[in-house]
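Peer 1: Give me the fold of what follows.
(one chain, ligands or ions: 1)
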Amino acid sequence: MASQHLPTPAEIPFNTYTMKKPLVGTVVSTEIATAAHRAPGVETRHIVIKSPGLKYLSGQSIGVIPPGINPRNNRPNVLRLYSVASCGRGDDRRGDTVSVIVARHYWDNEETGEKQVPGVCSHYLCDAKVGDELQLTGPVGKRFLLPVDFAERDFVFLATGTGVAPFRGMLADLLESGYEKTVTLVLGVPYADSILYDAEFQALVAKHPNFKYVVAVSRGEDKNQYSDLFPTRGDKVYAHIAMWDQRDVIGPSLMKDNTAVYMCGLKGMEVGLHEVMNKMGQTYGNVEDLVAKLGDEGRLLEEVY
Ligand SMILES: Cc1cc2nc3c(=O)[nH]c(=O)nc-3n(C[C@H](O)[C@H](O)[C@H](O)COP(=O)(O)OP(=O)(O)OC[C@H]3O[C@@H](n4cnc5c(N)ncnc54)[C@H](O)[C@@H]3O)c2cc1C
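Peer 2: A predicted model of the protein is given here:
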């Protein structure tokens, strides 16, 4: 039986630290989170931050305040949110660190025509060195959390890219508590050598038969075999295609009447995943609109950014 204590809503830590009164954290380690560098400047880093006094839960986010002035309004930069990538006890389970996973963000400025402008905070974090101090806020997020009765439920976690962060913590909460139901993680990434936390998840698969792990590599050699049902650009294998490919594993778990589905990652990912979930509902449970049913019953939680 699971013994992990999860807080009731009243006990959820929330905004202990704010823009006005931030916590000063210190970078303990910073590592490239993928096996390979695809191209100069393309980088995702796992960063562990010493954060004494910060209480948080898997699924919550912390704020990071980058230094400097925002040229758009001549005011100090405001915080950016990052999902915590560690469980509430931190990577070392001692309770005084928080981890985040950060992708360098670039954008094209349509007003000036400037291409590939580096995002302020993602670059600040990816450039941070061990020992650097960071201004932190939070934690925030009261919804995208494991339910108190998690031991009684199956979970389906759907992630793209850094959206895997909350699930890394939640998997630790579940699997280190003696959890006996089934938890599935579907993770979509662009390249086979950019699978985030792959070695860790493989180790969990070897140890916990009730953890199912499905990876979708969109720019790999595999092509979408289901383009008649779910067409994708260039026949790419996105998370929803891999989910459908593993439908006989995921479908029965998805259809249980208290299974909870969590989705986190790139805005837009929900479109294909909803289509596949509805198709699974029709195939495995005679449910016409599974997405609506899960939503109505509070069993579909989505955080896309
Ligand atoms: C709940 C939540 C959780 C998140 N978790 C993660 C996570 O785990 N990992 C992660 O990497 N990211 C995460 N993010 C995204 C993160 O908060 C940042 O948005 C991301 O790092 C980019 O921030 P930045 O400062 O680098 O980019 P910014 O400099 O803030 O640029 C972001 C966008 O702002 C616009 N912009 C900026 N400057 C201008 C300008 N001068 N003129 C016009 N437009 C402009 C552009 O559209 C640009 O794409 C999360 C977001 C949310 C909401």
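Peer 1: If I look at His37, what pLDDT would I see?
Peer 2: As predicted, His37 sits at a pLDDT of 62.
Peer 1: before we move on, what about Gly234?
Peer 2: For Gly234, the pLDDT comes out at 96.
Peer 1: Next one: it from Glu176, what distance?
Peer 2: 40 Å (Cβ to Cβ, to the nearest Å). For the C-beta atoms, the positions are set from N, CA and C on the backbone; glycine is no exception.
Peer 1: check contacts around Arg80.
Peer 2: 63-64, 66, 120-122 (Cβ atoms under 8 Å, 6 or more residues apart in numbering).
Peer 1: Name the member of those that has the highest neighbour count.
Peer 2: Val64 (26 neighbours; other Cβ atoms under 10 Å).
Peer 1: where does the stretch 151-300 of the chain come near the ligand, residue by residue?
Peer 2: Contact residues (Cβ under 6 Å from any ligand atom) of the stretch 151-300 of the chain with the ligand: 162, 165.
Peer 1: any idea where the helices of the stretch 151-300 of the chain begin and end?
Peer 2: 165-175, 198-207, 239-245, 247-254, 269-285, 290-296 (DSSP state H, counting those that start in this stretch).
Peer 1: can I get those in a markdown table with mean neighbour count and mean pLDDT?
Peer 2: A markdown table is the format used below for the helices of the stretch 151-300 of the chain (neighbours: other Cβ atoms under 10 Å; pLDDT from 0 to 100):
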| stretch | mean neighbour count | mean pLDDT |
| --- | --- | --- |
| helix 165-175 | 24 | 98 |
| helix 198-207 | 13 | 97 |
| helix 239-245 | 24 | 97 |
| helix 247-254 | 18 | 95 |
| helix 269-285 | 19 | 96 |
| helix 290-296 | 17 | 97 |
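Peer 1: got these as JSON lines, with distance to Glu43 columns?
Peer 2: Shown next, in JSON lines, are these (distance: least, Cβ to Cβ, whole Å):
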{"stretch": "helix 165-175", "distance to Glu43": "16"}
{"stretch": "helix 198-207", "distance to Glu43": "17"}
{"stretch": "helix 239-245", "distance to Glu43": "22"}
{"stretch": "helix 247-254", "distance to Glu43": "31"}
{"stretch": "helix 269-285", "distance to Glu43": "21"}
{"stretch": "helix 290-296", "distance to Glu43": "34"}
